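Participant: the sequence and its predicted three-dimensional model are supplied below.
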There are 2 protein chains.
Amino acid sequence: MALASVDTRLPVARPDGRKERGAPALRKNGNEPLDTRFDRRLSKVLDHATQIFCEKGYEGASMRDLSRAAGMSLAGLYHYFASKEELLYRIQKHAFQTIIERLQQRLDSTTDSEERIRIFIENHLEYFLANKQAMKVLTHEDDTLKDARGAEIRAIKREYYRICLELLEDLRRAKGLQFSGRLAVLSLFGTINWIYTWHNPRVDADAKALAQEMGDFFLRGVLNPSKPRRKNGKTSG
Amino acid sequence: MALASVDTRLPVARPDGRKERGAPALRKNGNEPLDTRFDRRLSKVLDHATQIFCEKGYEGASMRDLSRAAGMSLAGLYHYFASKEELLYRIQKHAFQTIIERLQQRLDSTTDSEERIRIFIENHLEYFLANKQAMKVLTHEDDTLKDARGAEIRAIKREYYRICLELLEDLRRAKGLQFSGRLAVLSLFGTINWIYTWHNPRVDADAKALAQEMGDFFLRGVLNPSKPRRKNGKTSG
DNA sequence: TAAAGATTCGAACGAACGTTCGCTAACCTA
DNA sequence: TAGGTTAGCGAACGTTCGTTCGAATCTTTA
């Protein structure tokens, strides 16, 4: 099943509604042309917006902060998008789509259920650490967007969750284990998303090494049948 | 070592600088009188503020939202505190202090290093789920406060981190294990803090059961000497 | 019951917010 | 080089922000 079996994507038209001109544009993937001047400029604006949203949070960042960072006037910015909300939407959607896209490519390389979970972790951490600011914006401004845009981002998130859950359930079946898939997914997400609050490239390992360690750690927790001794409940009370 | 070996706490005076009146007030712990009309009212205001900050985020919540929720006029609110920042500060500080206070009481009950880690997890999850809104505000508005107030909250956070790290290093010594304490602490924090993004009391287990499961899971990951097989690196490129 | 203090409020402050309006360059094509 | 589109800007729009002021109303104590 492809990423978005039901495509509810909002149209993201140019804010001034102008038509494309010139050559039909080379397309990077199936989605967006990246070779026009307009698109390259918009891309830069999104990068600056990502940085500011990351530093100050979406609500805390003003369009004037943005215009300063982008080296463009406040009014000039609005040539490239319709609203502040659309900026956040595009940042989040792009990050999420890219991470899922790469994941699905990598997952094709093996059918081993344990290895596929390692791939999931490594893909997540690699993209996360290579795009730290965007991933903080994605993670931190989780339920900032409302209405249609928010619904679309949440749908992508559910899809990502579902992929991870299926990987874990495959493992469970393959190895005949017993554990709560939901709890395992959410524990794993906690571990690998929390990284945006602490990772320091001067102190901490890189994505590959972290993925190895966290993968060992996580899989040991899930795989090993020998349960650590239960907590001895106080019998007197 | 006590919680704050170096006490850098800011004075939190009444905004209007008035003196206490009447009886010197029964004190709940060593910190704050809770029996005066003023303090009880302030406490209610903080509860409402917690709810609004939780729903809309600190920056996204306006003082007018607050006044509506508290059923008090905008100006009337300012009788109880000096600024919006102080509200966030008091909410975060109270939550953090309480959770550490309770933890240290519970840790006295045993010297077993594994059991003490279970106590840490259970204490965290119990307080977290019983005070979900405050804990979301504490977790989500992590680096919202700046200057002196921010520094104080960050100091308490470091203290909490340090306690957890020591518990883990005790375990490591006691069992002769090898693992990165930093990575283990931060993985654990990720797992137990991330809960604010997903826990649904109608679907998910309660704090005690979750603490049991997460404790099993975490300790299995840390304890077990049998490393899962390493990822088979691609030799061809 | 009068004075003193605690509490609450309507109204307003200046500043900052996201967004829009015209207007001018710059650019591309004919 | 003329004409239409694209890109960009200064200035302002109306709204909302956190906060403050002075007066009014409660509560407590003498």
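Facilitator: Here it is on my side, so go on.

Participant: dihedrals phi and psi, A:G71?
Facilitator: A:G71 has phi and psi values of phi 60, psi 40 when expressed as degrees, to the nearest 10.

Participant: and what of A:S109?
Facilitator: Main-chain dihedrals, A:S109, degrees, to the nearest 10: phi -80, psi -20.

Participant: who are the contact partners of the residue nearest to it when sequence neighbours are not counted?
Facilitator: Closest residue to A:S109 apart from its sequence neighbours, by Cβ to Cβ, 6 or more residues apart in numbering or on different chains: A:I119 at 7.4 Å. The C-beta positions use only the backbone N, C-alpha and C, and glycine is treated the same way. Applying Cβ atoms under 8 Å, 6 or more residues apart in numbering or on different chains, one finds that A:I119 lies in contact with A:103, A:106-107, A:109-110.

Participant: most neighbours of all the residues you listed, which one?
Facilitator: Within these, most neighbours by other Cβ atoms under 10 Å in any protein chain shown means A:L103, with 21 neighbours.

Participant: gap between it and DNA strand C?
Facilitator: 32 Å (Cβ to the nearest atom of the strand, to the nearest Å).

Participant: close to DNA strand D, is the helix or strand hosting that residue?
Facilitator: Element membership of A:L103 [criterion: DSSP states H and E] is helix A:84-107. No: Helix A:84-107 lies apart from DNA strand D when judged by Cβ under 7 Å from any atom of the strand; the minimum separation is 12.4 Å.

Participant: does that helix reach chain B?
Facilitator: No: using Cβ under 8 Å from any Cβ of the partner chain, helix A:84-107 stays clear of chain B, coming no nearer than 11.5 Å.

Participant: buried residues in that helix?
Facilitator: By 16 or more other Cβ atoms under 10 Å in any protein chain shown, the buried positions in helix A:84-107 come out as A:84-97, A:99-100, A:103, A:107.

Participant: and the pLDDT for the most centrally placed residue in chain A?
Facilitator: For chain A, the residue nearest the mean C-alpha position is A:F96 (3.9 Å; Cα atoms, centre = their mean). On pLDDT, A:F96 comes in at 97.

Participant: and for the one 4 residues further on?
Facilitator: Per-residue confidence (pLDDT) for A:I100: 98.

Participant: that one against A:E159, yeah?
Facilitator: Yes: proximity of A:I100 to A:E159 meets the contact threshold set by Cβ atoms under 8 Å, at 6.9 Å.

Participant: restrict the next helix or strand after the helix holding A:L103 to CA atoms and write it as PDB.
Facilitator: Downstream of helix A:84-107, the first helix or strand assigned by DSSP H and E is helix A:113-130. Extracted C-alpha coordinates of helix A:113-130, given in PDB (Å, rounded to 0.1, in the frame of the first residue of the first chain):
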ATOM      1  CA  SER A 113      11.900  -8.500  10.400                       C
ATOM      2  CA  GLU A 114      14.600  -7.600  12.800                       C
ATOM      3  CA  GLU A 115      16.700  -6.000  10.200                       C
ATOM      4  CA  ARG A 116      13.800  -4.000   9.000                       C
ATOM      5  CA  ILE A 117      13.300  -2.500  12.400                       C
ATOM      6  CA  ARG A 118      16.900  -1.500  12.500                       C
ATOM      7  CA  ILE A 119      16.400   0.200   9.100                       C
ATOM      8  CA  PHE A 120      13.400   2.100  10.500                       C
ATOM      9  CA  ILE A 121      15.500   3.400  13.400                       C
ATOM     10  CA  GLU A 122      18.500   4.200  11.300                       C
ATOM     11  CA  ASN A 123      16.400   6.000   8.700                       C
ATOM     12  CA  HIS A 124      14.600   8.000  11.300                       C
ATOM     13  CA  LEU A 125      17.800   9.100  13.100                       C
ATOM     14  CA  GLU A 126      19.700   9.800  10.000                       C
ATOM     15  CA  TYR A 127      17.100  12.100   8.700                       C
ATOM     16  CA  PHE A 128      16.500  13.600  12.100                       C
ATOM     17  CA  LEU A 129      20.100  14.500  12.700                       C
ATOM     18  CA  ALA A 130      20.700  15.700   9.200                       C
END
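
Participant: now whichever helix or strand comes after helix A:113-130: buried residues?
Facilitator: For helix A:113-130, the following helix or strand on the C-terminal side (DSSP H and E) is helix A:132-140. Of the residues in helix A:132-140, A:132-140 count as buried by neighbour count, 16+ other Cβ under 10 Å.

Participant: near chain B, from these?
Facilitator: Among the buried residues of helix A:132-140, chain B is touched by A:H140 when using Cβ under 8 Å from any Cβ.

Participant: can I get the buried residues of helix A:132-140 in JSON lines with distance to DNA strand C?
Facilitator: Shown next, in JSON lines, are the buried residues of helix A:132-140 (distance: Cβ to the nearest atom of the strand, whole Å):
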{"residue": "A:K132", "distance to DNA strand C": "23"}
{"residue": "A:Q133", "distance to DNA strand C": "18"}
{"residue": "A:A134", "distance to DNA strand C": "19"}
{"residue": "A:M135", "distance to DNA strand C": "22"}
{"residue": "A:K136", "distance to DNA strand C": "18"}
{"residue": "A:V137", "distance to DNA strand C": "15"}
{"residue": "A:L138", "distance to DNA strand C": "19"}
{"residue": "A:T139", "distance to DNA strand C": "20"}
{"residue": "A:H140", "distance to DNA strand C": "16"}
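
Participant: and the buried residues of helix A:132-140, which is closest to A:Q51?
Facilitator: Checking the buried residues of helix A:132-140 against A:Q51 with Cβ to Cβ, the nearest one is A:Q133 at 5.5 Å.

Participant: how many other residues sit next to A:A174?
Facilitator: 12.

Participant: what's the distance between it and A:D112?
Facilitator: 8 Å (Cβ to Cβ, to the nearest Å).

Participant: which residues are in contact with each of the two?
Facilitator: By Cβ under 8 Å, 6+ apart, no residue touches both A:A174 and A:D112.

Participant: which helix is the longest one in chain A?
Facilitator: helix A:147-175 (DSSP state H).
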